[in-house]
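Peer 1: structural data only, the sequence is not supplied:
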Ligand code: NI
């Protein structure tokens, strides 16, 4: 499931982050990638585990934990701390798939990448190109979102970032290990949860709504790993 999550950050939060990171030291993006990725990755990043990445990454994760749509869709168990990247002057990231396992720096913890996230920190009008292309069973999807919005997609998907031919594309990217590993089960739970919430808004906590809510939780109980 490919999902657009709007309004993760407010315009003022985006402006604060950009002010803090634009003048920082940007290093070769190949620092955090495996062999296949390194051959096709041409961008720059803030150092993984650096003070800027860690502090602004926490702001992003806090915003996500308060975002009902994101929580319903991702059912997050844990996160790889957000990283920040920048593409300009023709930089791009060719077709690749994200590594299945990532370590969390300094913790000894490893997590399985179920979901990949890109949080846009540049307005679409500020750059040309730079679309995120995600390939799934329904075809190829081009994604370019307003600043502060996020795209969520299965980490198993092939994807790329097209060359940025004008301006700069700045974003944060990170991975989620979900409580529910299987994408189809997670998509079903998301649809179920959204429908129950709509029914609750229409009917209040009627007997049927309460029963359906119970069934949702029973499915989570059946499928979740903690
Ligand atoms: Ni990727």
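Peer 2: Looks like it arrived, so ask away. Note that the structure is a prediction, hence the values are computed from the model and not measured. Numbering: from 1, shown residues only.

Peer 1: pLDDT of the lengthiest helix in the chain, averaged?
Peer 2: Ordering each helix of the chain by length in residues (DSSP state H) puts helix 183-203 first. Helix 183-203 carries an average pLDDT of 97.

Peer 1: next, the buried residues of it.
Peer 2: For helix 183-203, a neighbour-count test (16 or more other CB atoms under 10 Å) marks 183, 185-186, 189-190, 192-193, 196 as buried. For the C-beta atoms, the positions are set from N, CA and C on the backbone; glycine is no exception.

Peer 1: same for the top strand by length along the chain, what does it pack against?
Peer 2: Assignment by DSSP state E gives strand 164-178 as the longest strand of the chain. Counting contacts by 3 or more CB pairs under 8 Å, 6 or more residues apart in numbering; DSSP states H and E, strand 164-178 is packed against helix 11-21, helix 51-65, strand 76-79, strand 83-88, strand 109-112, strand 115-120, strand 127-129.

Peer 1: if we can go back for a sec, next SSE downstream of the longest helix of the chain?
Peer 2: helix 207-223 (DSSP states H and E).

Peer 1: nearest residue to the middle of this protein?
Peer 2: Geometric centre of the chain, nearest residue: residue 117, 1.3 Å, by CA atoms, centre = their mean.

Peer 1: TSV for the buried residues of helix 183-203, including distance to residue 99?
Peer 2: Formatted as TSV, those follow (distance: CB to CB, whole Å):
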residue	distance to residue 99
183	17
185	22
186	20
189	25
190	25
192	30
193	29
196	35
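
Peer 1: out of those, which comes closest to residue 15?
Peer 2: residue 190 (30.9 Å; CB to CB).

Peer 1: could you check how far the lowest-mean-pLDDT helix or strand in the chain is from the centre of its chain?
Peer 2: The weakest-scoring helix or strand in the chain, judged by mean pLDDT, DSSP states H and E, is helix 35-40 (a mean of 86). Here helix 35-40 is found 21 Å from its chain centre; the criterion is CA atoms, centre = their mean, to the nearest Å.

Peer 1: name the residues of that helix that come out as buried.
Peer 2: Result for helix 35-40 [16+ other CB under 10 Å]: buried residues residue 37.

Peer 1: with stretch 148-160 instead?
Peer 2: Buried residues in stretch 148-160 (16+ other CB under 10 Å): 148-155, 157, 159-160.
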